[in-house]
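# kindly generate the corresponding structure for this input.
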Amino acid sequence: MSRRRMMFTKKKESAINWLGYVAEGLIACFDGEYNTRAGSNSTSKTWEDLSGNDNDATFTRISKGSNYMILYDDDHYGGNLLRNLSSKTELTVEVVFKPNAGETGFTLLTVNSSYFLFVAGTQLFLYGSTQQPWYIDGYEALTSLSVRYGTSPSLTEVRLNNSLAQRKGTADYWGIWSYPQIGSREGYTPTNSPGNKFAGNIYSIRVYDRALTKEEIDINYANDKKRFGI
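Residues are numbered from 1 along each chain as shown. Below is the predicted model of the structure:
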């Protein structure tokens, strides 16, 4: 199976101030409305990074909605891991998404072997500074998810539509391959079953190489809410 490259490498500071999101520390930005740097392209299979770092992602099965990208349980694999993040103890990942009806176990995003977001039922499983699952009931609708990985599990914060999610105990599960991926995962779920690729709509993805402040998260959420009608 060929692997399509999605290399996350920080080249320069973000140049997406016109979109209204926090720019400092932004290493990757995928937007459902402006899916290419030239604007909206209804036929492109490459979802282009707007952060200024050229971390483009090419898919086999992807299509363009009005302000979102439609993923079809895609076979998509990334390239090199985010090497400049491998030693980071703080990170922020923000995703606006809506899964297809009946989707109860899927990967939203894999940054590298140290950070991923996996949904199982009403729980979000994180890997990074914490291996604890979180309650995220209600994600079947259009949802804004913000995950701030802190320097310790106690500093890690999960927000669902800008409201704090509750932590739920602990969990042990297998790790993940080091390839950055959007909506697909080569590895194992918490119950050790392979696959679990995302099928549905993704409106926005942002990856920061630092922990955003609450004020910055508020800014980004307000922008997502206005743009996508959350």
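
# do I have it right that Arg210 meets Thr92?
Yes. Counting by Cβ atoms under 8 Å, Arg210 touches Thr92, with 6.8 Å between them. Backbone N, C-alpha and C define where each C-beta goes, glycine included.

# neighbour count winner among those two?
More neighbours surround Thr92 than the other of Arg210 and Thr92, with 24 against 15 (other Cβ atoms under 10 Å).

# so what touches stretch 97-109?
Outside stretch 97-109, the residues that touch it by Cβ atoms under 8 Å, 6 or more residues apart in numbering are 68, 93, 95, 116-121, 139-143, 145, 181-185, 189, 196-203, 205, 207.

# next step: these restricted to helices.
Among the contacts of stretch 97-109, DSSP state H puts none in helices.

# make a PyMOL selection of the buried ones in those.
Buried residues within these, by 16 or more other Cβ atoms under 10 Å, are selected in PyMOL with:
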select buried, resi 68+93+95+116+117+118+119+120+139+142+143+145+181+182+183+184+185+189+196+197+198+199+200+201+202+203+205+207
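
# give the residues shared as contacts by Arg210 and Thr92.
With Cβ under 8 Å, 6+ apart, Arg210 and Thr92 have common neighbours Gly25.

# for His161, list the residues it contacts.
One thing to correct before we go on: residue 161 is Asn, not His. Counted by Cβ under 8 Å, 6+ apart, Asn161 has contacts Gly138, Thr143, Ser144, Tyr221, Ile230.

# I'd say the fourth one and Leu160 touch.
No. Contact criterion Cβ under 8 Å: Tyr221 and Leu160 do not qualify, at 10.4 Å.

# what do these two both touch?
Counting by Cβ under 8 Å, 6+ apart, the shared contacts of Tyr221 and Leu160 are Ser144.

# helix/strand/coil for Asn55?
Here Asn55 is recorded as coil under DSSP: H, G, I helix; E, B strand; the rest coil.

# apart from its neighbours in sequence, what residue is nearest Asn41?
Asn35 (6.0 Å; Cβ to Cβ, 6 or more residues apart in numbering).

# hmm, Asp49 is touching Asp56, no?
Yes. Taking contacts as Cβ under 8 Å, Asp49 lies within contact range of Asp56: 5.4 Å.

# run through the chain and note the low-pLDDT ranges.
In the predicted model of the chain, residues 1-17, 73-88, 112-114, 127-132, 151-155, 169-180, 184-195 satisfy pLDDT under 70.

# counting neighbours, which of the contacts of Asn161 comes out on top?
Ser144 (23 neighbours).

# and the gap between it and Leu126?
For Ser144, the distance to Leu126 equals 16 Å [Cβ to Cβ, to the nearest Å].

# ditto for Glu24
23 Å.

# who has more neighbours, these two?
Between Glu24 and Leu126, Leu126 has the larger neighbour count (other Cβ under 10 Å), namely 22 against 11.

# and that one, that's in a strand?
Yes. Assessed with three-state DSSP, Leu126 lies in a strand.

# ok, so what distance separates it from Asn162?
Leu126 sits 18 Å away from Asn162, going by Cβ to Cβ.

# what about Asp49 and Asp56, which has more around it?
Asp49 (26 against 18).
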